[in-house]
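In: Output the structure for:
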Amino acid sequence: KVEGFTVPAQVIVSHLQDVVRFKKGAAAPAAAAPGQPQTQTVAAGSSNWWSKARAVVGGPTAIPGMGMNVVQGNVTAGNASPGIPSGMPFIDTDHVGGAKIGGYSIADILGLVMLALAAGVTGGMMTMGGGVLQVAGMMVFFGYGMYLIRPVVFLTNVVVYGAASLRNDKAQLVQWDKVKPLIPWGVGGVVLGYFIGNAIGDSVVGILLGLFALIMAGKAVLEILQPNGGEETAESISAAEAEDEMDELMALADGTARPKPSGLALPEGPARSAVLGLPMGLFSGILGISGGVIEVPLQRYVGRISLQNAIANSSVLVFWASVAGSVVAFLHGSSTGLIHWEAPVTLALVMIPGAYVGGIIGARLMRVLPVRVLKGVYAATMAAIALKMLTSV
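Out: Purely as a prediction, here's the structure:
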């Protein structure tokens with residue numbers, strides 16, 4: 001993408017010949033008109049295209065009017081150089097100087113901080129959805145592609161979910177015997193999802209992200225319409241589990257105990273670990289989201305684990321999947337020239353503090369605001385994301 005500069009056609013043709021083969025028919029060269037100088041013809045070729053282009057725009061055989069900056073330079077309204085389209089602005093805001101941090105303007109830095117803060121608040125309030133908002137915001141408002149977004153999100157998740165995992169482990173909420181078999185599946189899923197996401201392209205990822213946000217909005221609305229507004233506090237969960245445990249003890253005393261159902265009734269083993277770990281990794285790799293929005297329900301309704309333990313277990317899985325995603329995204333992106341490592345590192349350093357502070361704020365809001373209000377805000381946010389992503393394709 002070139003903005004604000006003219007590029008000679010032969011430069012584009014010769015460069016594209018590295019990857020595209022053009023069909024060329026025989027055409028007689030046009031003779032120069034009498035009295036006009038013969039212009040130099042540069043043949044297209046892939047071996048030395050840059051040396052030919054440099055000779056055209058700045059060498060001793062430079063062709064007048066080729067390779068000039070049509071936006072800046074010694075150009076005034078009354079002294080237009082040849083080759084400059086009429087009506088072109090004389091100030092190029094994309095290439096002029098200004099205060100920047102790591103190559104990014106102050107406005108972009110502040111915007112990214114606010115986006116990270118909003119994503120952190122969303123994730124802190126509902127323990128899900130923050131990654132959807134972060135990825136959609138970077139695509140829509142900043143125009144970043146998924147090659148850059150994925151490593152940024154993965155790095156952010158490594159820090160945020162790493163800290164959450166330490167807190168949950170300290171509170172003895174992480175069930176390591178249940179988590180460890182899932183980690184290889186989550187790591188394998190994020191690697192596979194990364195390459196699938198690259199193969200299908202950003203436009204398809206945008207559609208999938210919009211549909212995903214639409215489903216989340218619908219889920220939140222259905223929960224609001226329930227008699228209890230979808231409220232499921234830790235106290236009510238603990239009371240229900242204590243009641244179930246008492247029922248089992250009474251059944252054992254009476255000799256009428258029966259096996260307790262366990263979700264899909266999958267036996268312990270690779271199949272169960274794959275069901276609980278692989279989907280989270282795939283969604284994380286394809287869409288660039290944390291995957292907790294997938295893993296928490298799987299832990300709860302397939303693994304039959306309480307909400308607190310499901311969130312704690314998911315934080316560990318997201319952390320390791322994000323570590324693997326970061327490694328793959330940096331190695332693949334840097335080796336293929338899709339990204340330079342400085343860009344995602346800079347953006348991640350900008351967004352991590354906002355995401356961390358936003359998560360703390362969201363967690364406190366969850367304690368003071370009614371559940372219906374939280375779910376209403378969440379539903380509206382996801383619906384807005386779905387509308388924007390699905391209508392901008």
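
In: ok, and the closest non-adjacent residue to residue 333?
Out: Excluding the flanking residues, the one nearest residue 333 by C-beta to C-beta, 6 or more residues apart in numbering is residue 339, at 3.8 Å. In short, each C-beta sits where N, CA and C put it, glycine included.

In: helix or strand for residue 338, which one?
Out: Using DSSP states H and E, residue 338 is not contained in any helix or strand.

In: Who are the contact partners of the residue nearest to residue 333?
Out: 147-148, 151, 329-330, 333 (C-beta atoms under 8 Å, 6 or more residues apart in numbering).

In: neighbours around the closest residue to residue 299 other than its chain neighbours, how many?
Out: Leaving aside its sequence neighbours, residue 299 sits nearest to residue 310 (C-beta to C-beta, 6+ apart; 3.5 Å). Neighbour count for residue 310, taken as other C-beta atoms under 10 Å: 24.

In: Residue 223 now?
Out: With neighbours defined by other C-beta under 10 Å, the count for residue 223 comes to 18.

In: if I look at it, how far off is residue 372?
Out: Residue 223 sits 9 Å away from residue 372, going by C-beta to C-beta, to the nearest Å.

In: again, but for residue 166
Out: 32 Å.

In: And for residue 218?
Out: 16 Å.

In: Residue 334 too?
Out: On the measure of C-beta to C-beta, residue 334 and residue 372 end up 47 Å apart.

In: same deal with residue 146?
Out: 35 Å.

In: So between those two, which is more surrounded?
Out: residue 146 (24 against 16).

In: Might one say that that one is in contact with residue 286?
Out: No: using C-beta atoms under 8 Å as the test, residue 146 is too far from residue 286 to be in contact (9.1 Å).

In: shared neighbours, those two?
Out: Shared contacts of residue 146 and residue 286, defined by C-beta under 8 Å, 6+ apart, are found at 197, 205.

In: and the next element down the chain from the helix or strand containing residue 294?
Out: Using DSSP H and E, residue 294 sits in helix 292-297. For helix 292-297, the following helix or strand on the C-terminal side (DSSP H and E) is helix 307-336.

In: Mean confidence (pLDDT) on that following helix, please.
Out: Per-residue pLDDT over helix 307-336 has a mean of 91.

In: mind listing what's buried in it?
Out: For helix 307-336, the neighbour count (16 or more other C-beta atoms under 10 Å) marks 307, 309-326, 328-330, 332-333 as buried.

In: and residue 173, backbone torsions?
Out: Phi and psi for residue 173, reported as degrees, to the nearest 10, are phi -100, psi -20.

In: and it, how far is that from residue 186?
Out: When residue 173 is compared with residue 186 (using C-beta to C-beta), they lie 18 Å apart.

In: what about the strands in the protein?
Out: For the chain, applying DSSP state E gives strands covering 100-101, 104-105.

In: For the residue nearest to residue 168 when sequence neighbours are not counted, give me its contacts.
Out: Sequence neighbours aside, residue 312 is the residue nearest to residue 168 in space, at 3.7 Å (criterion: C-beta to C-beta, 6+ apart). Applying C-beta under 8 Å, 6+ apart to residue 312 gives the contacts 165, 168-169, 171, 173-175.

In: and with 7 Å instead?
Out: Shown in contact with residue 312 (C-beta atoms under 7 Å, 6 or more residues apart in numbering): 168, 173-174.

In: same thing with residue 278?
Out: For residue 278, the contact set (C-beta under 7 Å, 6+ apart) comprises 185, 189.

In: tell me the pLDDT at it?
Out: pLDDT for residue 278: 94.

In: do the same with residue 109
Out: With respect to pLDDT, residue 109 scores 88.

In: Could you tell me how many residues sit around it?
Out: Neighbour count of residue 109, defined by other C-beta under 10 Å: 18.

In: hang on, it packs against residue 353?
Out: No: contact criterion C-beta atoms under 7 Å: residue 109 and residue 353 do not qualify, at 11.5 Å.

In: can you pull the buried residues of stretch 362-374?
Out: Of the residues in stretch 362-374, 362, 371-372, 374 count as buried by neighbour count, 16+ other C-beta under 10 Å.

In: With stretch 380-388 instead?
Out: Within stretch 380-388, the residues scored as buried using 16+ other C-beta under 10 Å are 381-383, 385-386, 388.

In: Select from those every entry located in helices.
Out: 381-383, 385-386, 388 (DSSP state H).

In: Just give me the closest of those to residue 204.
Out: Nearest to residue 204 out of those is residue 386 (C-beta to C-beta; 15.3 Å).

In: who's in contact with the closest one?
Out: 210, 213-214, 217.

In: try 6 Å
Out: By C-beta atoms under 6 Å, 6 or more residues apart in numbering, residue 386 lies in contact with 210, 213-214.

In: in stretch 190-207, what's buried?
Out: 190-194, 197-198, 202, 205-206.

In: ditto for stretch 173-185
Out: Buried-residue list, stretch 173-185, by 16+ other C-beta under 10 Å: 173-175, 178-179, 181-185.

In: What are the contacting residues of it?
Out: 168, 273-274, 276-278, 308-309, 312-313, 316-317, 320.

In: Just give me the closest of these to residue 292.
Out: Nearest member of the contacts of stretch 173-185 to residue 292, counting by C-beta to C-beta, is residue 317, at 8.3 Å.

In: want to throw the contacts of residue 339 into TSV with distance to residue 366?
Out: Listed next are the contacts of residue 339 as TSV, based on distance: C-beta to C-beta, whole Å:
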residue	distance to residue 366
147	34
148	31
151	29
329	31
330	34
333	36
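
In: contacting residues for the residue lying closest to residue 351 once chain neighbours are set aside?
Out: Distances taken as C-beta to C-beta, 6+ apart put residue 116 closest to residue 351, at 3.8 Å, once the chain neighbours are dropped. By C-beta under 6 Å, 6+ apart, the contact set of residue 116 is 351, 354-355.

In: State the pLDDT value of residue 116.
Out: The model's pLDDT for residue 116 equals 91.
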